[in-house]
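Undergrad: predicted coordinates and the sequence they were generated for:
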Amino acid sequence: MNSHTDNSEQIDRKTSRSICNAVGERLQQRLRPLESELPSHLADLMNELRKQDASGRQMLPN
């Protein structure tokens, strides 16, 4: 006797991925913040991270 009885239907990987993507898109649409701008101190930090990221990429060998 199987200790795990599952009568649900199995879905393939492609269908599962499509469902996950659709759910994610809907969540992003419904959970958007009311204000799209970051507070100034966070925006400054993000800009600094972008600068550091860009300068780090310039130092990488091609």
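TA: Done, it's in.
Undergrad: and Arg32, which of the three is it?
TA: coil (DSSP: H, G, I helix; E, B strand; the rest coil).
Undergrad: what pLDDT is listed against it?
TA: Confidence at Arg32, expressed as pLDDT, is 74.
Undergrad: check the one 3 residues further on too.
TA: What the model reports for Glu35 is a pLDDT of 64.
Undergrad: pLDDT wise, what is the residue most central in space within the chain at?
TA: Residue closest to the average C-alpha location in the chain (CA atoms, centre = their mean): Gly24, at 8.4 Å. Reading off the confidence values, Gly24 has pLDDT 93.
Undergrad: before we move on, which element is Thr15 in?
TA: helix 13-30 (DSSP states H and E).
Undergrad: which element follows that helix toward the C-terminus?
TA: Per DSSP H and E, helix 13-30 leads on to helix 40-59 as the next helix or strand towards the C-terminus.
Undergrad: show me what that next one is packed against.
TA: Helices and strands touching helix 40-59, by 3 or more CB pairs under 8 Å, 6 or more residues apart in numbering; DSSP states H and E: there are none. The way it works is simple: take the backbone N, C-alpha and C, and place the C-beta from them, glycine included.
Undergrad: how distant is that helix from the center of its chain?
TA: Taking CA atoms, centre = their mean, to the nearest Å, one finds helix 40-59 lying 20 Å from the centre of the chain it belongs to.
Undergrad: with stretch 22-33 instead?
TA: 11 Å.
Undergrad: if we can go back for a sec, what's in contact with the helix holding Thr15?
TA: By CB atoms under 8 Å, 6 or more residues apart in numbering, the list of residues contacting helix 13-30 from outside reads Ile11.
Undergrad: now it, how far from the chain's geometric center?
TA: 11 Å.
Undergrad: how about that helix: buried residues?
TA: Buried positions in helix 13-30, judged by neighbour count with 16 or more other CB atoms under 10 Å: none.
Undergrad: then the helix or strand of the chain with the lowest mean pLDDT to PDB, C-alphas only?
TA: Each helix and strand of the chain was given a mean pLDDT (mean pLDDT, DSSP states H and E); the minimum falls on helix 40-59 at a mean of 88. Below are the C-alpha coordinates for helix 40-59, written out as PDB (Å, rounded to 0.1, in the frame of the first residue of the first chain):
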ATOM      1  CA  SER A  40      14.900  60.300  -1.000                       C
ATOM      2  CA  HIS A  41      17.400  58.500   1.200                       C
ATOM      3  CA  LEU A  42      16.600  55.200  -0.400                       C
ATOM      4  CA  ALA A  43      16.700  56.700  -3.900                       C
ATOM      5  CA  ASP A  44      20.200  58.100  -3.000                       C
ATOM      6  CA  LEU A  45      21.300  54.600  -1.800                       C
ATOM      7  CA  MET A  46      20.000  53.000  -5.000                       C
ATOM      8  CA  ASN A  47      21.900  55.500  -7.200                       C
ATOM      9  CA  GLU A  48      25.100  54.800  -5.300                       C
ATOM     10  CA  LEU A  49      24.600  51.100  -5.800                       C
ATOM     11  CA  ARG A  50      24.100  51.700  -9.500                       C
ATOM     12  CA  LYS A  51      27.300  53.700  -9.700                       C
ATOM     13  CA  GLN A  52      29.300  51.000  -7.900                       C
ATOM     14  CA  ASP A  53      27.800  48.300 -10.100                       C
ATOM     15  CA  ALA A  54      28.700  50.300 -13.300                       C
ATOM     16  CA  SER A  55      32.300  50.900 -12.100                       C
ATOM     17  CA  GLY A  56      32.700  47.300 -11.100                       C
ATOM     18  CA  ARG A  57      31.600  46.100 -14.600                       C
ATOM     19  CA  GLN A  58      34.100  48.500 -16.200                       C
ATOM     20  CA  MET A  59      36.900  46.700 -14.300                       C
END
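Undergrad: all set now, cheers.
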